[in-house]
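Student: Okay, predicted coordinates and the sequence, questions at the end:
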Amino acid sequence: MTTATPKKRLTSDAMIASIAEGDKVVRAPFGHALLAAAKDNPLIVGLSADLAKYTDMHIFRDAMPDRFYQVGMAEQVLMGAAAGLAEEGFIPFASTYSVFATRRAYDFICLDIAERMLNVNIVAALPGLTTGYGPSHQATEDIAILRGMPNLTIVDPCDSVDIEQAVPELAASPGPTYLRLLRGAVPTVLDEYDYTFELGKAAKLRDGNEVLFISSGLMTERALQAAAQLEADNIGVAVVHAPTIKPLDEATILAEIAKDRLVFTLENHSVVGGLFESVASALVRNGVSRQVSPIALPDEFLVAGALPTLYDRYGVSTSRIVERVKSAL
């Protein structure tokens, strides 16, 4: 009698692979930046809905437990408590996953926070396609959900530099903000481009005369990688990084689009309701007739799997970006 060899059970490592693609990373940049800002400002407090460890809030929690509030798995309570603290003059940073903040707690963000223009900073991990766990945790439509909310600023950082510099600016901003958090080992990219984060501003990172990339979030790193590969084939690509989705820096973007180049938007978000539609809307409202092609996630519920496989499948990997540009030239 023979016994069948049991199949090896796959671990989840490939499903939640780090988004870090290079050698330079900073671990938990948000947590360390929040702690640094809190040391300078006693009004800063932190909150989490049972996800401090998974949103890098644990750095702040462990160092300043008397200024940290754990509300449990109750995102509506998280937003309501943050609103109450802001009403009392504190500057709360409330962390959870993007899907939970937007899908479960929208009304509380809208009526308790945004309508009253409170300085509540929502820190939302796993934005877009940064986990392979499937539709329940992939916040591919979070920007679309929130863009129509008055008073709310939306920030989509590229890397550790963006996050570290954004935190004190968000604390100083008078109204509510929504930060699409990159957590864990976060790439360091923008330190090589004489870049400084400025809330509400886009920045041109490199110039090129044939193609223009307008990107946000982790897609800026891929835009830069694709631009370097295309340059080797004598294709000049400019890259404009737009970390603030709302309010969008229309002046910088329109000035770059005015030049005679192919234009692409790149975003870690659904093609519906995000950076692409923000740019397209700006063009129409300003009477500019230019074609803009989106490189984004499709308007569908994405499948589960290893992140590199999913990035290729949905056309947002660096190699697929290069292919897309070459096919358009």
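Tutor: Received the coordinates, thanks. Numbers count the residues shown, from 1 in each chain.

Student: Tell me where this structure is predicted with low confidence.
Tutor: 1-22 (pLDDT under 70).

Student: any idea where the helices of it begin and end?
Tutor: Using DSSP state H, the helices of the chain run over 29-40, 58-63, 75-87, 98-99, 106-107, 142-146, 160-172, 219-231, 250-257, 275-285, 307-313, 318-328.

Student: Distance to residue 242 for the ones you listed - can I get that in TSV?
Tutor: Using the backbone N, CA and C atoms, a C-beta is placed for each residue, glycine as well. TSV is the format used below for the helices of the chain (distance: least, C-beta to C-beta, whole Å):
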stretch	distance to residue 242
helix 29-40	20
helix 58-63	28
helix 75-87	26
helix 98-99	18
helix 106-107	24
helix 142-146	12
helix 160-172	11
helix 219-231	8
helix 250-257	7
helix 275-285	7
helix 307-313	20
helix 318-328	17
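
Student: ok, now which ones touch residue 109?
Tutor: Counting by C-beta atoms under 8 Å, 6 or more residues apart in numbering, residue 109 makes contact with 79, 101, 122, 146, 149, 152, 176.

Student: Break this structure into its domains for me.
Tutor: Listed by the TED database, the domain ranges of the chain are 25-187, 200-327.

Student: tell me the most buried of these?
Tutor: Greatest average neighbour count among the domains of the chain goes to domain 25-187 (a mean of 21), per mean count of other C-beta atoms under 10 Å.

Student: Between the two ends of that one, how far is it?
Tutor: End-to-end span of domain 25-187 (C-alpha to C-alpha, to the nearest Å): 4 Å.

Student: Same question for stretch 99-106.
Tutor: Distance between the two ends of stretch 99-106: 10 Å, counting by C-alpha to C-alpha.

Student: Report the distance from that stretch to the chain centre.
Tutor: Counting by C-alpha atoms, centre = their mean, to the nearest Å, stretch 99-106 is centred 16 Å from the centre of its parent chain.

Student: Let me know which of the domains of the chain is the nearest to residue 193.
Tutor: Minimum separation from residue 193 across these (C-beta to C-beta) falls at domain 200-327, 4.6 Å.

Student: Next, the distance between the ends of the closest one.
Tutor: This stretch, domain 200-327, spans 33 Å end to end (C-alpha to C-alpha).

Student: Have a look at this protein and report its longest strand.
Tutor: Using DSSP state E to define each element, the chain has its longest strand at strand 262-270.

Student: send the alpha carbons of that strand over as PDB?
Tutor: Coordinates of each C-alpha in strand 262-270 appear next as PDB, following Å, rounded to 0.1, in the frame of the first residue of the first chain:
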ATOM      1  CA  LEU A 262       1.900  61.400 -26.600                       C
ATOM      2  CA  VAL A 263       0.300  61.700 -23.100                       C
ATOM      3  CA  PHE A 264      -0.400  58.800 -20.700                       C
ATOM      4  CA  THR A 265      -1.700  58.800 -17.200                       C
ATOM      5  CA  LEU A 266      -0.500  56.100 -14.900                       C
ATOM      6  CA  GLU A 267      -2.300  55.100 -11.700                       C
ATOM      7  CA  ASN A 268      -2.700  52.300  -9.200                       C
ATOM      8  CA  HIS A 269      -6.500  52.700  -9.300                       C
ATOM      9  CA  SER A 270      -9.400  51.900 -11.500                       C
END
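
Student: That one to helix 318-328, inter-axis angle?
Tutor: Angle, strand 262-270 to helix 318-328, by axes from the mean of the first three to the mean of the last three C-alpha atoms, to 10 degrees: 140 degrees.

Student: Neighbouring strands - and their directions - for strand 262-270?
Tutor: Partners of strand 262-270 in the sheet, by DSSP bridges, are strand 211-215 (parallel), strand 293-297 (parallel).

Student: Rebuild those as TSV, extending it with distance to residue 225.
Tutor: Shown next, in TSV, are these (distance: least, C-beta to C-beta, whole Å):
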stretch	distance to residue 225
strand 211-215	11
strand 293-297	13
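
Student: what about the ones you listed, which gets the closest to residue 67?
Tutor: Proximity to residue 67 (C-beta to C-beta) singles out strand 211-215 among the strands paired with strand 262-270, at 35.2 Å.
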